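In: Below is the sequence, then the predicted model.
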Amino acid sequence: MSEEIKEKAEDVRPKIPRDLVIVAGHPRSGTSLTCQLLESAGVKFASDMEPDRYNKEGYYELSFAKELEKKLIEKAMTVENTKELNRVIETLNGMKGTSGLKIVLIPALFFYRHISKGDLRVVLVFRHPSDTKSSMLRRGISQFKLSWFENNNALIAAHENIKRSIVISYDTMMEKKTCVKKAFKKIGFNVDLNAIKTTYRTQKNSQMVLTKDEITLYKKLKELEKKSCR
């Protein structure tokens, strides 16, 4: 192997996250709320997206990391995608203490799992599908790359394959149930429930009609949440 080829190969070798926690969930499912809770436990989220009336405390997202999610689930670890992934990891590793990353296309999470060598903590967030869809429409989002069902089915697969992961719902967090603290402690975080601002709730008890598969999946998510909160 020539020195030039060897150098290029080393350039695209995936970097390893130093101390990372990922929050993953479908849009409008409480991912930003979860980031706020982790922030109360000392996690630092890199973000270049400004707050607005839909997320008053901020989005806790990096725009280039968000774009990378789409590319990863479309083409996987190409040379260019690996370079972009390294750019994300370098940004996160450059932060002091535990860094946080938010993901809304949940299948992209598996690429971070792969490069983390088993040392990854993940909070998987879900919300009732009717309320999620209604909140998305209120925001003006009628279409998303993955459906609620597809994304949350991937959430279950993520929980099955990532040992240090918990499943928690938007409603349980908004109700400030004590089991929330118990769940987060399982992955090493002592969160402050006072960080939750219940006045920010965007939708509750929507009457939107669901499919049987969505109802079945939601029940399964609630079962997994109960296990995380024990």
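Out: Thanks, I have it.
In: Next, V167: secondary structure please.
Out: What DSSP: H, G, I helix; E, B strand; the rest coil gives for V167 is strand.
In: neighbours around the closest residue to K71 other than its chain neighbours, how many?
Out: Nearest in space to K71, with sequence neighbours left out and distances taken as C-beta to C-beta, 6 or more residues apart in numbering, is N81 at 5.2 Å. Just so you know, the C-beta spots here come from the backbone N, C-alpha and C atoms, and that holds for glycine as well. Look at N81: counted by other C-beta atoms under 10 Å, it has 17 neighbours.
In: Let me know the pLDDT of N81.
Out: N81 is assigned a predicted lDDT (pLDDT) of 96.
In: Now for it: which residues touch it?
Out: Counting by C-beta atoms under 8 Å, 6 or more residues apart in numbering, N81 makes contact with L68, K71, L72, K75.
In: Likewise for K133?
Out: W148, S206, M208.
In: Just the buried residues of whichever strand or helix holds it, please?
Out: Counting by DSSP states H and E, the element that carries K133 is helix 129-139. Residues of helix 129-139 classed as buried by neighbour count (16 or more other C-beta atoms under 10 Å): P129, S130, D131, T132, K133, S134, S135, M136.
In: Reduced to three states, what does the residue positioned nearest the centre of the chain come out as?
Out: For the chain, the residue whose C-alpha lies nearest the mean C-alpha position (C-alpha atoms, centre = their mean) is A24; its distance is 1.6 Å. Of the three states, A24 takes strand under three-state DSSP.
In: ok, now how distant is it from Y170?
Out: 13 Å (C-beta to C-beta, to the nearest Å).
In: do the same with V21
Out: Separation of V21 from Y170 (C-beta to C-beta) stands at 18 Å.
In: Please state the offset of stretch 223-230 from the chain centre?
Out: 18 Å (C-alpha atoms, centre = their mean, to the nearest Å).
In: Tell me the buried residues in it?
Out: For stretch 223-230, by 16+ other C-beta under 10 Å, it's L224, E225, S228, C229.
In: before we move on, back to that, check which helix or strand covers the residue nearest to K71.
Out: Judged by DSSP H and E, N81 forms part of helix 79-93.
In: buried set for that helix?
Out: Buried residues in helix 79-93 (16+ other C-beta under 10 Å): N81, T82, E84, L85, N86, V88, I89, T91, L92.
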